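Q: Below: sequence and its predicted model.
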Amino acid sequence: DAGEVARFYNRLGKHLALFFVLCGTDFHCDNLIADGEHPVFFDLEGLFHKVPSSSNEGIKDQVYKSIWSSVLFTGVLPTEEWAAGEDDNDRSAVLAGEGQTSHIELPILNVVEGIPKIERQKLTLSTPSNRPVLNKEAVDPAAYIHDLVGGFSVFYELIQRHSELLLEQGGLLESFRGCE
């Protein structure tokens, strides 16, 4: 129901806050399963990324640094990167949908007249399981932006309020100190 979908996006906003605080990245549509009202992330090696530093402060470096230090770095939200490309595919956790094609050519085994041949081609990607379904249709995330922002805001403020407990010696994040 619509209430479950709203709770899904609220929880997704909370995940976004956590990934942002931990400098997480690579949380795109292929690493998210919408299980009812629960966003389930897997393939979590993207947590605790170190923001790259650069001695060159050209405009390109400034733009990348801005992205690396924002929620866009997580991969959860769509970015202008997709809009500026040759195709309009979006692989973000929030927006990716069905019928998109791979943004690069992938090796495919074809058999032509009994002879196996590897060719490279863009593929139509399978229907991602990252978006909740309501009445057998993938939900438009734009309709739930307030739920996502609300979840993010509440959880981010909670993390800030209790940051000392998280970061202190013996705190919840102690065992992750030094992880990259």
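A: Here it is on my side, so go on. Note that the coordinates shown come from a computational prediction; the quantities given were computed from them, not determined experimentally.
Q: Look up how far Phe48 lies from Gly170.
A: 19 Å (C-beta to C-beta, to the nearest Å). Just so you know, the C-beta spots here come from the backbone N, C-alpha and C atoms, and that holds for glycine as well.
Q: Between those two, point out the one with more neighbours.
A: With other C-beta atoms under 10 Å as the criterion, Gly170 and Phe48 differ in neighbour count, and Phe48 comes out ahead with 16 against 7.
Q: Now do the same contact list for Leu32.
A: When contacts are counted by C-beta atoms under 8 Å, 6 or more residues apart in numbering, Leu32 touches Pro39, Val40, Phe41, Ala93, Ser129, Asn130.
Q: now swap in Leu166 and tell me
A: By C-beta under 8 Å, 6+ apart, Leu166 lies in contact with Ile159, Leu172, Leu173.
Q: which of those has the most neighbours?
A: Using other C-beta under 10 Å as the neighbour test, the contacts of Leu166 are led by Ile159, with 17 neighbours.
Q: so that one sits right up against Leu16, yeah?
A: No: distance between Ile159 and Leu16: 11.7 Å, which falls outside the contact criterion (C-beta atoms under 8 Å).
Q: returning to that earlier point: pull out the buried residues from the contacts of Leu32.
A: Among the contacts of Leu32, those classed as buried by 16 or more other C-beta atoms under 10 Å are Pro39, Phe41, Ala93, Asn130.
Q: Name the residues of the lengthiest helix in the chain that come out as buried.
A: Using DSSP state H, we find that the single longest helix of the chain is helix 2-21. Neighbour counts over helix 2-21 (16+ other C-beta under 10 Å) mark 5-20 as buried.
Q: Considering the contacts of Leu166, which is situated nearest to Ile145?
A: Of all the contacts of Leu166, Ile145 sits closest to Ile159, with 21.0 Å by C-beta to C-beta.
Q: which residues touch Glu174?
A: Glu168.
Q: Check the gap between it and Leu134 for me.
A: With C-beta to C-beta as the criterion, Glu174 and Leu134 are 41 Å apart.
Q: next structured bit after the least confident helix or strand in the chain by mean pLDDT?
A: Within the chain, no helix or strand scores below helix 80-84, which has a mean of 53 by mean pLDDT, DSSP states H and E. Following helix 80-84 in sequence order, the next helix or strand is strand 106-112 (DSSP states H and E).
Q: For the residue nearest to the spatial centre of the chain, which non-adjacent residue is spatially closest?
A: Centroid-nearest residue in the chain: Val76, 2.6 Å away (criterion: C-alpha atoms, centre = their mean). In space, and not counting its chain neighbours, Val76 is closest to Ala93: 4.4 Å by C-beta to C-beta, 6 or more residues apart in numbering.
Q: quick one: contacts for the one you found?
A: Leu12, Phe27, His28, Cys29, Asn31, Leu32, Pro39, Phe41, Gly75, Val76, Leu77, Asn130.
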